[in-house]
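Peer 1: show me how the following folds:
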Amino acid sequence: MNPFRRIGCTTGYRDVTTSNPDLILISSRLLDEGVIDGFKGNPGLLYEPGVYKFNDLRLEGIRTEKDREKGRRFGTNVTWLWKQAGIKVFHLGALSSPIGIEQQILVGRPDLLLLPVGGGVKAYTPQEAAKVVQVLKPKIVIPTHYKTKAADEKTCELVEIDEFLGLMSAMTIRKVNSDTFSLKPSDLPDQGSVIEVLSYKFS
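Peer 2: Okay, the predicted model is just below:
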């Protein structure tokens, strides 16, 4: 999902092209986003809005305006919605425009929301991200797109995750000492939302 070029805020992350994916989903194609060169094999690629079938998965790409200027600056962002292992996943990519009523109707309540929270010109500020949580009421949130130790301090405009977590203090926050975690339907909370913070591995 959204492979990237290692510059700016992602300078110190490990090289994602060492993986061998079956399918790549792209939300937007910019200098540092949606980079598909260098992957092994011949993975499938989806980058436009629409409904798709890949193996046993049904995936829906939903058109959104990427920036706060109604897409005039960075164009279209595709958010991705799919159900896997009984869990409805909604990945926003790097998005800073509000979730509209049409998107709310299409998505409903996600089980798992991947939500950009670090601000800048292409992603929600912590305050905007908190509003998205209020609107969509996801069961589990994985914050994305925030400043970490991987960042080039001179060029990264994002803020650290603590600003977002401070706004979410009324919710359960779990910090996972790994960049992966397992999830099954029985793990989903019956009420409210849980914030899962993963620890990213650097190069």
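Peer 1: tell me the residue furthest from the middle of the chain?
Peer 2: What lies farthest from the middle of the chain is Gly41; by Cα atoms, centre = their mean that is 24.5 Å.
Peer 1: correct me if wrong: that one contacts Ser19.
Peer 2: No: using Cβ atoms under 8 Å as the test, Gly41 is too far from Ser19 to be in contact (9.8 Å). For the C-beta atoms, the positions are set from N, CA and C on the backbone; glycine is no exception.
Peer 1: with adjacent residues omitted, what lies nearest to the residue farthest from the centre of the chain?
Peer 2: Once flanking residues are discounted, Gly41 sits nearest to Asn20: 5.4 Å by Cβ to Cβ, 6 or more residues apart in numbering.
Peer 1: same deal with Asn77?
Peer 2: In space, Asn77 is closest to Lys66, 3.7 Å off (Cβ to Cβ, 6+ apart).
Peer 1: tell me who's in contact with that neighbour.
Peer 2: Residues counted as contacts of Lys66 (Cβ atoms under 8 Å, 6 or more residues apart in numbering) are 28, 73-77, 94-97, 122.
Peer 1: any idea how far Val16 is from Lys184?
Peer 2: Here Val16 is placed at a distance of 26 Å from Lys184 (Cβ to Cβ, to the nearest Å).
Peer 1: ok, now how distant is Pro123 from Pro43?
Peer 2: For residue 123 the amino acid is Ala, not Pro. Distance from Ala123 to Pro43, by Cβ to Cβ: 25 Å.
Peer 1: give me the more crowded residue out of those two.
Peer 2: More crowded of Ala123 and Pro43, by other Cβ atoms under 10 Å: Ala123, with 25 against 13.
Peer 1: which ones are touching the more buried one?
Peer 2: Each residue near Ala123 by Cβ under 8 Å, 6+ apart is listed here: 94-96, 116-117, 145, 158.
Peer 1: in strands, which of these appear?
Peer 2: Pro116 (DSSP state E).
Peer 1: where neighbours are concerned, which of the contacts of Ala123 has the most?
Peer 2: Using other Cβ under 10 Å as the neighbour test, the contacts of Ala123 are led by Val117, with 30 neighbours.
Peer 1: what's around Gln58, how many residues?
Peer 2: Small correction: residue 58 is Arg, not Gln. Neighbour tally, Arg58, other Cβ under 10 Å: 12.
Peer 1: again but with Phe90, I slipped
Peer 2: Phe90: 24 neighbours (other Cβ under 10 Å).
Peer 1: against Ile99, how distant is it?
Peer 2: 10 Å.
Peer 1: now do the shared contacts for these two.
Peer 2: 107, 136.
Peer 1: Leu183 against Ile87, yeah?
Peer 2: Yes: with contacts defined as Cβ under 8 Å, Leu183 counts as touching Ile87 at a distance of 6.2 Å.
Peer 1: overlap of the contact sets of these two?
Peer 2: Taking Cβ under 8 Å, 6+ apart as the contact rule, Leu183 and Ile87 both touch Leu112.
Peer 1: contacts made by stretch 79-89 with the rest, please.
Peer 2: 1, 25, 27, 46, 57-62, 64, 90-93, 95, 103, 106-112, 114, 183-185, 188.
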